[in-house]
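Asks: here is my input; please provide its structure:
(one chain, ligands or ions: 1)
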Amino acid sequence: MRKNIVAGNWKMNTTVQEGVELAKQVNDCVKAGHNNCDVVICVPFTHLCPVAGVIDTAVLGLGAENCADKLSGAYTGEVSAPMVASTGAGYVILGHSERRQYYGETNETLKAKTRLALDNNLIPIFCVGEVLEERENGTYNDVVSSQVEALFDLDANDFSKIVIAYEPVWAIGTGKTATADQAQDMHAHIRKVIEQKYGKEIADNTSILYGGSCKPTNARELFAKPDVDGGLIGGAALKADSFMGIVEAFN
Ligand code: 13P
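Replies: The predicted structure is shown next:
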(Lines give C-alpha, C1' and ligand atoms only; values in the text may rest on other atoms or scores of the structure.)
Protein backbone atom coordinates (compact mmCIF):
# COMPACT_ATOMS: atom_id res chain seq x y z
CA MET A 1 0.00 0.00 0.00
CA ARG A 2 1.12 3.57 -0.58
CA LYS A 3 3.31 5.40 1.90
CA ASN A 4 2.36 8.41 3.95
CA ILE A 5 5.04 11.08 3.57
CA VAL A 6 5.65 14.48 5.10
CA ALA A 7 8.30 16.37 3.13
CA GLY A 8 9.70 19.80 3.88
CA ASN A 9 10.58 22.17 1.07
CA TRP A 10 12.91 24.76 2.52
CA LYS A 11 12.91 26.82 -0.72
CA MET A 12 15.56 29.59 -0.71
CA ASN A 13 15.80 29.89 3.05
CA THR A 14 18.52 29.42 5.69
CA THR A 15 22.28 29.70 5.47
CA VAL A 16 24.24 26.45 5.48
CA GLN A 17 24.89 26.85 9.21
CA GLU A 18 21.22 27.51 9.99
CA GLY A 19 20.16 24.65 7.74
CA VAL A 20 22.52 22.17 9.39
CA GLU A 21 21.14 23.20 12.79
CA LEU A 22 17.54 22.79 11.63
CA ALA A 23 18.31 19.43 10.01
CA LYS A 24 19.92 18.18 13.24
CA GLN A 25 16.85 19.20 15.24
CA VAL A 26 14.47 17.48 12.81
CA ASN A 27 16.68 14.39 12.73
CA ASP A 28 16.69 14.16 16.55
CA CYS A 29 12.90 14.53 16.71
CA VAL A 30 12.31 11.94 14.00
CA LYS A 31 14.63 9.48 15.74
CA ALA A 32 12.96 10.06 19.11
CA GLY A 33 9.37 9.72 17.82
CA HIS A 34 7.29 6.84 16.58
CA ASN A 35 6.11 8.31 13.34
CA ASN A 36 3.49 6.81 11.11
CA CYS A 37 4.92 8.38 7.98
CA ASP A 38 8.17 8.80 6.10
CA VAL A 39 9.80 12.16 6.76
CA VAL A 40 11.89 13.97 4.16
CA ILE A 41 13.62 17.37 4.04
CA CYS A 42 14.32 18.99 0.67
CA VAL A 43 17.03 21.60 0.99
CA PRO A 44 19.01 24.04 -1.18
CA PHE A 45 21.85 22.49 -3.23
CA THR A 46 24.50 24.13 -1.03
CA HIS A 47 23.06 22.36 2.01
CA LEU A 48 22.87 18.81 0.67
CA CYS A 49 26.37 17.60 1.60
CA PRO A 50 26.62 19.19 5.03
CA VAL A 51 23.08 18.11 5.92
CA ALA A 52 23.77 14.56 4.70
CA GLY A 53 26.71 14.57 7.13
CA VAL A 54 24.57 15.27 10.20
CA ILE A 55 21.37 13.27 9.61
CA ASP A 56 20.63 9.57 9.44
CA THR A 57 19.16 9.22 5.96
CA ALA A 58 17.75 5.83 6.96
CA VAL A 59 15.20 7.64 9.16
CA LEU A 60 15.08 11.12 7.62
CA GLY A 61 15.06 11.32 3.84
CA LEU A 62 17.02 14.03 2.08
CA GLY A 63 16.12 15.69 -1.18
CA ALA A 64 17.01 18.55 -3.51
CA GLU A 65 14.52 21.16 -4.69
CA ASN A 66 15.36 20.84 -8.39
CA CYS A 67 17.86 19.30 -10.79
CA ALA A 68 19.06 20.09 -14.29
CA ASP A 69 17.41 18.80 -17.46
CA LYS A 70 20.83 17.83 -18.83
CA LEU A 71 23.19 15.11 -17.66
CA SER A 72 26.47 17.05 -17.67
CA GLY A 73 28.50 19.57 -19.64
CA ALA A 74 28.65 23.27 -20.35
CA TYR A 75 25.55 24.42 -18.43
CA THR A 76 26.97 27.04 -16.08
CA GLY A 77 25.18 27.21 -12.76
CA GLU A 78 23.16 24.03 -13.17
CA VAL A 79 23.23 21.03 -10.82
CA SER A 80 22.68 17.60 -12.35
CA ALA A 81 20.76 14.59 -11.05
CA PRO A 82 23.99 12.54 -10.60
CA MET A 83 25.47 15.43 -8.58
CA VAL A 84 22.41 15.46 -6.32
CA ALA A 85 22.51 11.69 -5.92
CA SER A 86 26.22 11.78 -5.08
CA THR A 87 25.48 13.85 -1.96
CA GLY A 88 23.44 11.02 -0.46
CA ALA A 89 20.07 12.56 -1.35
CA GLY A 90 17.29 10.19 -2.35
CA TYR A 91 14.60 12.63 -3.51
CA VAL A 92 14.20 15.64 -5.77
CA ILE A 93 11.29 18.06 -6.04
CA LEU A 94 10.44 18.66 -9.70
CA GLY A 95 8.02 21.09 -11.32
CA HIS A 96 7.32 23.21 -8.28
CA SER A 97 4.99 26.04 -9.30
CA GLU A 98 7.70 28.56 -8.40
CA ARG A 99 10.00 26.88 -10.94
CA ARG A 100 7.23 26.77 -13.55
CA GLN A 101 6.24 30.40 -12.89
CA TYR A 102 9.58 32.18 -12.37
CA TYR A 103 12.04 29.97 -14.26
CA GLY A 104 9.95 28.95 -17.25
CA GLU A 105 9.87 25.22 -16.62
CA THR A 106 7.68 23.43 -19.13
CA ASN A 107 6.34 19.91 -19.47
CA GLU A 108 9.21 19.21 -21.89
CA THR A 109 11.98 20.23 -19.47
CA LEU A 110 10.20 18.41 -16.67
CA LYS A 111 10.06 15.20 -18.70
CA ALA A 112 13.83 15.38 -19.16
CA LYS A 113 14.42 16.14 -15.47
CA THR A 114 12.19 13.28 -14.38
CA ARG A 115 14.00 10.84 -16.68
CA LEU A 116 17.40 11.91 -15.31
CA ALA A 117 16.20 11.78 -11.69
CA LEU A 118 14.91 8.22 -12.12
CA ASP A 119 18.06 7.13 -13.97
CA ASN A 120 20.03 8.30 -10.93
CA ASN A 121 17.82 6.59 -8.35
CA LEU A 122 16.25 9.81 -7.10
CA ILE A 123 12.55 9.70 -6.23
CA PRO A 124 10.86 12.65 -7.95
CA ILE A 125 8.33 14.58 -5.88
CA PHE A 126 6.48 15.90 -8.90
CA CYS A 127 4.41 19.03 -8.25
CA VAL A 128 1.16 19.94 -9.98
CA GLY A 129 -1.49 22.55 -9.24
CA GLU A 130 -3.70 25.22 -10.72
CA VAL A 131 -3.49 29.01 -10.35
CA LEU A 132 -6.32 31.03 -8.81
CA GLU A 133 -7.83 31.99 -12.17
CA GLU A 134 -8.07 28.31 -13.14
CA ARG A 135 -9.68 27.46 -9.79
CA GLU A 136 -12.22 30.25 -10.32
CA ASN A 137 -13.00 29.51 -13.97
CA GLY A 138 -13.49 25.82 -13.26
CA THR A 139 -10.68 24.45 -15.45
CA TYR A 140 -8.59 23.17 -12.51
CA ASN A 141 -9.20 19.46 -13.04
CA ASP A 142 -8.13 19.68 -16.71
CA VAL A 143 -5.07 21.80 -15.86
CA VAL A 144 -3.86 19.32 -13.27
CA SER A 145 -4.62 16.29 -15.49
CA SER A 146 -2.44 17.71 -18.23
CA GLN A 147 0.40 18.35 -15.76
CA VAL A 148 0.20 14.74 -14.54
CA GLU A 149 -0.01 13.47 -18.12
CA ALA A 150 3.41 15.01 -18.80
CA LEU A 151 4.71 11.91 -16.97
CA PHE A 152 2.80 9.44 -19.09
CA ASP A 153 5.76 8.66 -21.36
CA LEU A 154 7.13 6.70 -18.39
CA ASP A 155 6.61 2.97 -18.31
CA ALA A 156 4.63 1.55 -15.40
CA ASN A 157 7.72 0.52 -13.44
CA ASP A 158 9.17 4.03 -13.60
CA PHE A 159 5.85 5.74 -12.90
CA SER A 160 5.42 3.62 -9.77
CA LYS A 161 8.47 5.37 -8.25
CA ILE A 162 6.95 8.88 -8.54
CA VAL A 163 5.44 10.82 -5.65
CA ILE A 164 2.89 13.46 -6.72
CA ALA A 165 2.39 16.70 -4.78
CA TYR A 166 -0.80 18.65 -5.43
CA GLU A 167 -0.10 22.26 -4.59
CA PRO A 168 -2.81 24.73 -5.59
CA VAL A 169 -0.78 27.84 -6.41
CA TRP A 170 -3.32 30.11 -4.69
CA ALA A 171 -2.67 28.28 -1.42
CA ILE A 172 1.14 28.48 -1.45
CA GLY A 173 2.53 30.87 1.12
CA THR A 174 -0.80 32.71 1.28
CA GLY A 175 -2.16 31.27 4.51
CA LYS A 176 -5.19 30.25 2.43
CA THR A 177 -5.32 26.44 2.59
CA ALA A 178 -7.48 24.38 0.28
CA THR A 179 -10.27 22.86 2.32
CA ALA A 180 -9.83 19.19 3.14
CA ASP A 181 -12.71 18.46 0.74
CA GLN A 182 -11.11 20.46 -2.10
CA ALA A 183 -7.85 18.56 -1.54
CA GLN A 184 -9.63 15.20 -1.41
CA ASP A 185 -11.58 15.92 -4.62
CA MET A 186 -8.41 16.82 -6.52
CA HIS A 187 -6.39 13.91 -5.12
CA ALA A 188 -9.16 11.49 -6.11
CA HIS A 189 -9.20 13.08 -9.57
CA ILE A 190 -5.42 12.66 -9.91
CA ARG A 191 -5.65 9.05 -8.79
CA LYS A 192 -8.37 8.41 -11.39
CA VAL A 193 -6.20 9.93 -14.15
CA ILE A 194 -3.32 7.67 -13.08
CA GLU A 195 -5.64 4.64 -12.95
CA GLN A 196 -6.86 5.25 -16.49
CA LYS A 197 -3.27 5.14 -17.73
CA TYR A 198 -1.51 2.65 -15.45
CA GLY A 199 -4.31 0.66 -13.79
CA LYS A 200 -5.74 0.47 -10.30
CA GLU A 201 -2.81 -1.14 -8.53
CA ILE A 202 -0.32 1.56 -9.50
CA ALA A 203 -2.87 4.31 -8.86
CA ASP A 204 -3.61 2.92 -5.39
CA ASN A 205 0.10 2.70 -4.63
CA THR A 206 0.96 6.28 -5.67
CA SER A 207 1.50 8.66 -2.76
CA ILE A 208 -0.21 12.00 -3.43
CA LEU A 209 0.83 14.79 -1.06
CA TYR A 210 -0.97 18.07 -0.45
CA GLY A 211 0.97 21.35 -0.31
CA GLY A 212 -0.10 24.93 0.36
CA SER A 213 -0.23 26.59 3.79
CA CYS A 214 -0.23 23.22 5.54
CA LYS A 215 0.31 23.70 9.28
CA PRO A 216 0.03 21.67 12.49
CA THR A 217 -3.46 23.12 12.95
CA ASN A 218 -4.88 21.89 9.63
CA ALA A 219 -2.70 18.86 8.81
CA ARG A 220 -4.79 16.34 10.73
CA GLU A 221 -7.99 17.22 8.88
CA LEU A 222 -6.24 17.15 5.50
CA PHE A 223 -4.40 13.86 6.16
CA ALA A 224 -7.61 12.22 7.39
CA LYS A 225 -8.94 12.29 3.82
CA PRO A 226 -8.57 8.93 2.09
CA ASP A 227 -6.59 10.17 -0.91
CA VAL A 228 -4.34 12.64 0.93
CA ASP A 229 -1.16 10.74 1.73
CA GLY A 230 0.80 13.49 3.44
CA GLY A 231 2.12 16.93 2.75
CA LEU A 232 4.78 19.02 1.05
CA ILE A 233 5.46 21.76 3.54
CA GLY A 234 7.00 25.18 2.89
CA GLY A 235 6.96 27.83 5.63
CA ALA A 236 6.06 25.44 8.44
CA ALA A 237 9.09 23.24 7.59
CA LEU A 238 11.49 26.00 8.65
CA LYS A 239 10.99 25.35 12.36
CA ALA A 240 11.48 21.87 13.79
CA ASP A 241 8.50 22.15 16.14
CA SER A 242 5.96 23.18 13.49
CA PHE A 243 7.31 20.62 11.01
CA MET A 244 7.12 17.87 13.63
CA GLY A 245 3.60 19.04 14.54
CA ILE A 246 2.63 18.17 10.97
CA VAL A 247 4.47 14.81 11.08
CA GLU A 248 2.55 14.02 14.30
CA ALA A 249 -0.76 14.58 12.53
CA PHE A 250 -0.38 10.96 11.36
CA ASN A 251 -0.17 9.64 14.95
P1 13P B 1 3.77 26.86 2.09
O2 13P B 1 3.63 25.67 3.02
O3 13P B 1 4.71 27.89 2.61
O4 13P B 1 2.45 27.39 1.65
O5 13P B 1 4.50 26.29 0.76
C6 13P B 1 4.01 25.14 0.16
C7 13P B 1 4.97 24.72 -0.88
O8 13P B 1 5.13 25.38 -1.89
C9 13P B 1 5.73 23.49 -0.65
O10 13P B 1 6.40 23.09 -1.80
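Asks: show the contacting residues for E78.
Replies: E78 makes contacts with 68, 70, as judged by C-beta atoms under 8 Å, 6 or more residues apart in numbering. C-beta: built from backbone N, CA, C; applies to glycine.
Asks: kindly list the main-chain dihedrals of it?
Replies: E78 adopts backbone torsions of phi -90, psi 160, taken as degrees, to the nearest 10.
Asks: and what of I5?
Replies: As for I5, its main-chain torsions (degrees, to the nearest 10) stand at phi -140, psi 130.
Asks: is it bridged to anything, and to what?
Replies: Beta-bridge pairing of I5 under DSSP bridges involves D38, G230.
Asks: what's near enough to touch it?
Replies: Contact criterion C-beta under 8 Å, 6+ apart gives 37-40, 163, 207, 209, 229-230 as the residues in contact with I5.
Asks: gap between it and K70?
Replies: I5 sits 28 Å away from K70, going by C-beta to C-beta, to the nearest Å.
Asks: please name the nearest non-neighbouring residue to the closest residue to the ligand within the stretch 101-250 of the chain.
Replies: Residue nearest to the ligand within the stretch 101-250 of the chain: G234 (2.2 Å; C-beta to the nearest ligand atom). Counting by C-beta to C-beta, 6 or more residues apart in numbering, the nearest residue to G234 once its immediate chain neighbours are dropped is N9, at 5.4 Å.
Asks: from E167, how far off is the one you found?
Replies: The span separating N9 from E167 equals 9 Å under the rule C-beta to C-beta.
Asks: any buried residues in the helix or strand hosting Q196, and which?
Replies: Counting by DSSP states H and E, the secondary-structure element that holds Q196 is helix 180-198. Counting neighbours by 16 or more other C-beta atoms under 10 Å, one finds that the buried residues in helix 180-198 are 180, 182-187, 189-191, 193-194, 198.
Asks: and it, how far out from the chain middle?
Replies: Centroid separation between helix 180-198 and its chain, computed with C-alpha atoms, centre = their mean, to the nearest Å, is 16 Å.
Asks: the helices in this structure, which residues?
Replies: In the chain, the helices defined using DSSP state H lie at 16-32, 45-54, 81-86, 97-102, 107-119, 132-136, 140-149, 156-159, 180-198, 200-205, 216-223, 240-247.
Asks: can you list those helices in TSV and add distance to the ligand?
Replies: Conversion of the helices of the chain to TSV gives the following (distance: least, C-beta to the nearest ligand atom, whole Å):
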stretch	distance to the ligand
helix 16-32	15
helix 45-54	16
helix 81-86	17
helix 97-102	7
helix 107-119	15
helix 132-136	14
helix 140-149	15
helix 156-159	21
helix 180-198	13
helix 200-205	22
helix 216-223	11
helix 240-247	10
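Asks: with distance to F126 and mean pLDDT as extra columns, can I get those in CSV?
Replies: Written out in CSV, the entries for the helices of the chain read as follows (distance: least, C-beta to C-beta, whole Å; pLDDT from 0 to 100):
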stretch, distance to F126, mean pLDDT
helix 16-32, 23, 98
helix 45-54, 19, 98
helix 81-86, 14, 98
helix 97-102, 11, 97
helix 107-119, 7, 97
helix 132-136, 18, 95
helix 140-149, 8, 98
helix 156-159, 10, 98
helix 180-198, 11, 98
helix 200-205, 14, 98
helix 216-223, 19, 98
helix 240-247, 20, 98
